[in-house]
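Engineer: Okay, predicted coordinates and the sequence, questions at the end:
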There are 4 protein chains.
Amino acid sequence: MHFSSDNWAGAADPIATALAEKAGGFMSAYGTGELDRAVEDKFAETFEHDVAVLPVATGTAANSLALALAMKPGGIALAHAEAHVVEDECGAPELMMGAGRIEPVEGALAKIDAGALARHLRRYDPPFLHHGRAVALTLTQATEVGTVYSTGEIAALAGQAKQLGMKVHMDGARFANALVHLDCTPAEMTWKAGVDMVSFGGTKNGCWCAEALVLFDPSLREEAEYLRKRAGQLFSKQRFVSLQFDAYLEGGLWLDLARHANAMADRLRSGIASCGRARLAWPSQANEVFAIMSKQDAERAQGEGARFYEWPAPHWLDDKPGEDEAVYRLVTSFASEADEIDRFAALLGT
Amino acid sequence: MHFSSDNWAGAADPIATALAEKAGGFMSAYGTGELDRAVEDKFAETFEHDVAVLPVATGTAANSLALALAMKPGGIALAHAEAHVVEDECGAPELMMGAGRIEPVEGALAKIDAGALARHLRRYDPPFLHHGRAVALTLTQATEVGTVYSTGEIAALAGQAKQLGMKVHMDGARFANALVHLDCTPAEMTWKAGVDMVSFGGTKNGCWCAEALVLFDPSLREEAEYLRKRAGQLFSKQRFVSLQFDAYLEGGLWLDLARHANAMADRLRSGIASCGRARLAWPSQANEVFAIMSKQDAERAQGEGARFYEWPAPHWLDDKPGEDEAVYRLVTSFASEADEIDRFAALLGT
Amino acid sequence: MHFSSDNWAGAADPIATALAEKAGGFMSAYGTGELDRAVEDKFAETFEHDVAVLPVATGTAANSLALALAMKPGGIALAHAEAHVVEDECGAPELMMGAGRIEPVEGALAKIDAGALARHLRRYDPPFLHHGRAVALTLTQATEVGTVYSTGEIAALAGQAKQLGMKVHMDGARFANALVHLDCTPAEMTWKAGVDMVSFGGTKNGCWCAEALVLFDPSLREEAEYLRKRAGQLFSKQRFVSLQFDAYLEGGLWLDLARHANAMADRLRSGIASCGRARLAWPSQANEVFAIMSKQDAERAQGEGARFYEWPAPHWLDDKPGEDEAVYRLVTSFASEADEIDRFAALLGT
Amino acid sequence: MHFSSDNWAGAADPIATALAEKAGGFMSAYGTGELDRAVEDKFAETFEHDVAVLPVATGTAANSLALALAMKPGGIALAHAEAHVVEDECGAPELMMGAGRIEPVEGALAKIDAGALARHLRRYDPPFLHHGRAVALTLTQATEVGTVYSTGEIAALAGQAKQLGMKVHMDGARFANALVHLDCTPAEMTWKAGVDMVSFGGTKNGCWCAEALVLFDPSLREEAEYLRKRAGQLFSKQRFVSLQFDAYLEGGLWLDLARHANAMADRLRSGIASCGRARLAWPSQANEVFAIMSKQDAERAQGEGARFYEWPAPHWLDDKPGEDEAVYRLVTSFASEADEIDRFAALLGT
């Protein structure tokens, strides 16, 4: 009953197999091989747009380099207060941005509230030297609490940012999970809605290590390459990441893996909603599920082998946990099995 | 005839196999799994010393974080003028150090000259606010031109640095190749000679992506972990790097791979020395070979399928290439085959 | 009727005179002269504590270097959301901190709320690698909206920070104005209440350019000096700043100047409260006064020669300005005259 | 007998007087006053070119911001190995550049050798990701050892840099001393010779604190202003720097002050050359004089009240000091008097 995080899972079989089969032989280093170019073409096809694709080691690196690409002296990136760049990257974005700032914006369900964004942006319009400059907006899709922006919501927020000449970035550590939930195309969820660059994550969805910064304006490639190299993020044997992406994007594998993870999350949400001893903290949509239950029940379940963590109750949460309760996060993945979900729901219900 | 670089080779079989076999299942993320700890133990055993081991994505990252760990405001790291941190990392060390400086020091054969180091250090002893502070010395072992410091040379240079309270770092992108050349223990080549931290590279020697910062003072672990996370260098599925190191260090595989690469380089050196139409530019010792030949011969060999690059003639080189000649670098690896060496030598000789 | 800002005023006579009288002659550069040492002694006497005093060019520099002194990789400084370091320094603190972060904390009257601070700090206790580390708390005294922390409030907030091993900094751009309002000693308002370092501002209170970072732990001097020099903030002819501080601290001049500014603010507050066509936005205490009045009245006053700016209505303000109203900031200084205050009040009232 | 440095002198009378006379009254802050604009016009007139002028606190700040303005990720600025940015700014340029690098270039008399520059630039032409990018060339005029580039030399070096699209900066801490030596116009020594930006120093030549970054491309003003503010270098009462520059540039005062300093240096050079117990180390041209004398003689002179420092013998110096000798630096200034020069020469000769 592994619900700790989707990065506890290993590699999906087709990816592990592809890696093993193509481990040998010589290939041009530093992302200049034929395979590297072929994978970039696959991304272009997937997004229906010319792209520059820069593999990096971690989602943190992809996010940080994206913001760095938008940076100017005194530059400020706006992000939700609970975004990964704010809460879980230990200052990496600020480092890569060359001492930029991330300004936290509020909103329920970890989604930036359009009115709140407007209030924040007012400060930077017109620009005033002392305040610094708004240079980027970053949206997390799916969010840290398993919710998903609609394409309309993305377009509306991006539109606000565009009016100030800001760049729009999407942290897509769980890009695939959001996409299959919305049932739209990658293009619709990104550039058609005003997104300029995506941190495209494969690691949580069945790869070992496959993260990439995807730019819809390939003229930024050179600048991005200098930023990546300077960050120690240019793999010498980049082929091993390309191999993963090659298998990941082939024949819709990535979407199948995400659909499975989301289906398991749906099953888990149903199980929690109907078990009688726990309740859903909020209506998440992707592969993260948040339950309110008694601490006693949680400990009991953990004692029976269920792996999951407590999660701080967001301040926008109306249905606060009671004295003896807490919010818990449960994450499903491509590797989750219906059986363990059912066992967990049964365990909770008793 | 692949002599472009050792990072054009793929993965050695035992490493590829280990990865494929252990691709599945759940494991604690961010380097907190049992395997991660077991690999750290293996490093401790290998180095006969308590260590903290921090896997990162690239050698550039390992070098940069090592220097960052030694950094203070106004801090200066001394390195050979031809070191990778100076010539090939695009400013990554300076970024990670928080705007530190690398001061280039000269020396023949890409090895820091003891007298030159003494002259440089004189400037920082006693410290003077305006000059900045000497905080680290970094040595590349094997060097960028295939030469190897003896343990005595390392100890002498490290000793100079220690007198000023500096930290001593070893860039070991080709650690194994140097080690088997010296035929000493990892301990003798590092902490017994005054080295405080090592960028331990496995990638060029048969791994896909296995680089780690190894600290002989584990009390620096916490600081190093913050630096690594902040650099976007903490893999979520670190297990995949641990798996590589596990196989790499097992049963002396890493030494066998390096011995092969070096033997192939010896064979190549012999072939060049005796072919009559080329000469060794200098007596390299590890798996990089530098030949002076006519540009015409080089092009001809490349036309026949030999892959290698021109290398700028170092200014310490007495035997300068003639008008129509140039220096060329040829790199062997665990994947080099005697046959292709012999074909290349034969090709040159005709 | 100059109420734009206290930095529109020039230099107080005794300071201008001291500068003119001691303009000539030779003196040791870079803060190593006898006068520089004497001034440091004067600071020690003023604060009843051993201190290291580092003059810098601006309050922004003093604040930024103070936070830099507390910085570690992944470090976070907590500040009020309306603090100068957050709103008006264009990213300087982040730059000097080497890409640190400032986390905004809320509180009415631009004073950090103790409960809010506790909620923020909970995230960093115990420390968790991904979150970064809380390293400093900075308090603005007097605040940006003219309010003043009591010594008890300072001690309580500092106490929270100290429990996590954080450093406590005071932005004292208007230190003197706060001090004379509280009618306590410099020691009571700082180190006796848990403050470790102060940005001591003289510029707004009658100097031309006299800002200094004051450290109550002089063992940090060397580190601070490297930080200052590296920031291009070490004046070669530091004597000219020392001359200003020498006159400023002599015979309580600085307190007299601040008492005058505050008295003028009191007079202005009374005038506004009783004029009938405006009201005080909130009860400020130092030399900044905030009035709500109709935009029409404001324009009329400006047309008559009154200089002052609109100020964004803080979100903690209950008494929101009406549709045709706005909040306006009026700043008094050592150079304000009772007459112009009275003229302004009269102007408003008609 | 004050020869320690030109920054030991105070302020020239006309500057001190101007400051004292205009100390009072209100003026728009942060460099937005009429006086500030008038001073910028005076600079434009002086340089016969449209300019943006940004006063800062120190020459180190001006140099660092200039290089920051030219910076890109992976960017490298080339400077003479003995330049102030390399030897005496404690890493400030690297900090402001956002972790850029300064690459030292050699040349006799502390002037960059054209051939050496060409060799260095070859590495960056064409650009190669791993090496970083050459973005700026900085020339010190007059140099750290009192020598002066001819306008032809400047044009030749700048021309090399321009071919790679680099920006050319002049560190003019002793701009006036170089200018009066060359007896040319400010325009001829700068933009007419290919210089894009100047650190224009007034402090060493009779001001208290008057340094400015002068840009010949005013379209860079906005970017430079953000960089300056972010560096804590925007004076709130900038008027006091403007006042100094206003008097400094008025009626050629700055040239008169520099002519005096240079004349005193000439007198000192003659005195040393003819005293019989010392010799000129090299033929300096501006207001710094370098003598080789016995350590015994130096100590004796210091014992008699002469203030000057030892200077490390440059490695390009052919006439090395003997065993008991050393190189000493003697700096004259606007405040030097013929009498003390003569006393010093007499003292040496006996």
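Structural biologist: Sure, I can see it. Bear in mind the structure is a predicted one, so any value in this text is a computation, not a measurement. Numbers count the residues shown, from 1 in each chain, chains lettered A, B, ... in the order given.

Engineer: C-alpha from now on. contacts and neighbour counts both.
Structural biologist: Fine.

Engineer: is it fair to say A:R329 lies in a strand?
Structural biologist: Yes. A:R329 sits within a strand when classified using DSSP: H, G, I helix; E, B strand; the rest coil.

Engineer: residue contacts, the nearest residue to A:S236 once chain neighbours are set aside?
Structural biologist: When the adjacent residues along the chain are set aside, A:S236 lies closest to A:Y30, with 4.4 Å between them (C-alpha to C-alpha, 6 or more residues apart in numbering or on different chains). By C-alpha atoms under 8 Å, 6 or more residues apart in numbering or on different chains, the residues touching A:Y30 are A:L234, A:F235, A:S236, A:K237, A:Q238.

Engineer: Next, see if the helix or strand A:V135 falls within gets close to chain D.
Structural biologist: Counting by DSSP states H and E, the element that carries A:V135 is strand A:133-140. No. Residues of strand A:133-140 are not located near chain D by C-alpha under 8 Å from any C-alpha of the partner chain, the shortest gap being 9.1 Å.

Engineer: for the helix or strand just after that strand, packing partners?
Structural biologist: Moving toward the C-terminus from strand A:133-140, the first helix or strand encountered (DSSP H and E) is helix A:151-163. Taking 3 or more C-alpha pairs under 8 Å, 6 or more residues apart in numbering or on different chains; DSSP states H and E as the contact definition, the neighbouring helices and strands of helix A:151-163 are helix A:114-122, strand A:133-140, strand A:167-172, helix A:186-189.

Engineer: Just the buried positions in stretch A:294-310, please.
Structural biologist: Applying a neighbour-count criterion of 16 or more other C-alpha atoms under 10 Å in any protein chain shown, one finds A:S294, A:K295, A:D297, A:A298, A:A301, A:A306, A:R307, A:F308, A:Y309, A:E310 buried in stretch A:294-310.

Engineer: So which of these sit within helices?
Structural biologist: When the buried residues of stretch A:294-310 are checked against helices using DSSP state H, the ones located there are A:K295, A:D297, A:A298, A:A301.

Engineer: Distance check, A:E45 against A:E250.
Structural biologist: Between A:E45 and A:E250 the computed distance is 11 Å (C-alpha to C-alpha, to the nearest Å).

Engineer: and if you look at A:A263?
Structural biologist: Here the distance between A:A263 and A:E250 works out to 21 Å (C-alpha to C-alpha).

Engineer: More neighbours: which of those two?
Structural biologist: For A:A263 versus A:E250, neighbours defined as other C-alpha atoms under 10 Å in any protein chain shown are more numerous around A:A263 (20 against 15).

Engineer: Assign that one to helix, strand or coil.
Structural biologist: Secondary structure of A:A263, reduced to three states by three-state DSSP: helix.

Engineer: got the contact list for stretch A:197-206?
Structural biologist: Residues from elsewhere that reach stretch A:197-206, judged by C-alpha under 8 Å, 6+ apart: A:6-7, A:9-12, A:15, A:59, A:62-63, A:66, A:168-176, A:190, A:209-216, A:245, A:248, A:254, A:257-258, A:333-335, B:237.

Engineer: Name the SS class of A:V85, please.
Structural biologist: Reduced to three states with three-state DSSP, the structure at A:V85 is helix.

Engineer: likewise A:P104?
Structural biologist: Judged by three-state DSSP, the three-state class of A:P104 is strand.

Engineer: so it touches A:I76, yeah?
Structural biologist: No. With contact defined as C-alpha atoms under 8 Å, A:P104 does not reach A:I76; the gap is 10.2 Å.

Engineer: Between these two, which has more neighbouring residues?
Structural biologist: A count of neighbours by other C-alpha under 10 Å puts A:I76 above the other of A:P104 and A:I76, at 28 against 19.

Engineer: follow-up on the earlier one: what about the contacts of stretch A:197-206, which are in strands?
Structural biologist: Secondary structure of the contacts of stretch A:197-206 is defined by DSSP state E; positions in strands are A:V168, A:H169, A:M170, A:D171, A:G172, A:E211, A:A212, A:L213, A:V214, A:L215.

Engineer: So how do I select the buried members of the residues you listed in ChimeraX?
Structural biologist: Isolation of the buried members of the ones in strands among the contacts of stretch A:197-206 (16+ other C-alpha under 10 Å) is achieved in ChimeraX through the command below:
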select /A:168,169,170,171,172,211,212,213,214,215
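
Engineer: Pipe the ones in strands among the contacts of stretch A:197-206 into TSV and attach distance to chain C and pLDDT per row.
Structural biologist: Formatted as TSV, the entries for the ones in strands among the contacts of stretch A:197-206 read as follows, by distance: C-alpha to the nearest C-alpha, whole Å; pLDDT from 0 to 100:
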residue	distance to chain C	pLDDT
A:V168	21	98
A:H169	20	98
A:M170	20	98
A:D171	17	98
A:G172	18	98
A:E211	18	98
A:A212	21	98
A:L213	21	98
A:V214	24	98
A:L215	25	98
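
Engineer: any idea which of the ones in strands among the contacts of stretch A:197-206 is closest to C:T147?
Structural biologist: Sorting those by distance to C:T147 puts A:V168 at the head of the list, at 38.2 Å, by C-alpha to C-alpha.

Engineer: Can you name the residues of chain A that neighbour chain D?
Structural biologist: Within reach of chain D by C-alpha under 8 Å from any C-alpha, chain A has these residues: A:73-74, A:98-99, A:129-130, A:132, A:223, A:225-227, A:229-230.

Engineer: residues touching the one residue in the stretch 151-300 of chain A that gets nearest to chain C, list them.
Structural biologist: Nearest residue of the stretch 151-300 of chain A to chain C (C-alpha to the nearest C-alpha) works out as A:A231 at 14.1 Å. When the contact criterion is C-alpha under 8 Å, 6+ apart, the partners of A:A231 are A:M96, B:A61, B:A92, B:L95, B:M96, B:A231.
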